[in-house]
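Q: What follows is a predicted protein model with its sequence.
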Amino acid sequence: MAGSKSCLDGEDFYGPYDAQDLANSLSEELGVQTVPSLNICYTEEKGYVTADVAEAEKLTTKKLSGTKFRQLLRAGEDIPEWFAYPSVVKVLRENI
């Protein structure tokens, strides 16, 4: 299985913007226009910032994997509001 963390050493398989850069380089050939997306993270100190800012300012980032999110969701446990809006969690739980 390929993915951003599928290397044996746990290092990123590709950079956070590599897919966007590839799409941009092929956009004319494919006849599409790409919409850029920044690598956003949540920090204890400043809330949402770009990952570059968090790293440069040595901010404490909060992370929740998709797997952990699904486990919490199914178990009815609290999901941090920085990760998902309560209204979204409610809808997801109603449709599990």
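A: Nice, I can see it.
Q: May I have the secondary structure class of the residue of the chain most remote from its centre?
A: What lies farthest from the middle of the chain is Glu29; by Cα atoms, centre = their mean that is 28.0 Å. Three-state call for Glu29 (DSSP: H, G, I helix; E, B strand; the rest coil): helix.
Q: now do Ala19
A: Strictly by three-state DSSP, Ala19 counts as helix.
Q: ok, so what distance separates it from Tyr42?
A: Going from Ala19 to Tyr42 by Cβ to Cβ, to the nearest Å gives 22 Å. Using the backbone N, CA and C atoms, a C-beta is placed for each residue, glycine as well.
Q: who's more crowded, those two?
A: Taking neighbours as other Cβ atoms under 10 Å, Ala19 and Tyr42 compare with Tyr42 leading, 19 against 13.
Q: Please read off the pLDDT at the more buried one from the model.
A: Looking at Tyr42, its pLDDT stands at 95.
Q: That one is in contact with Leu64, isn't it?
A: No - using Cβ atoms under 8 Å, Tyr42 is not in contact with Leu64; the gap is 9.1 Å.
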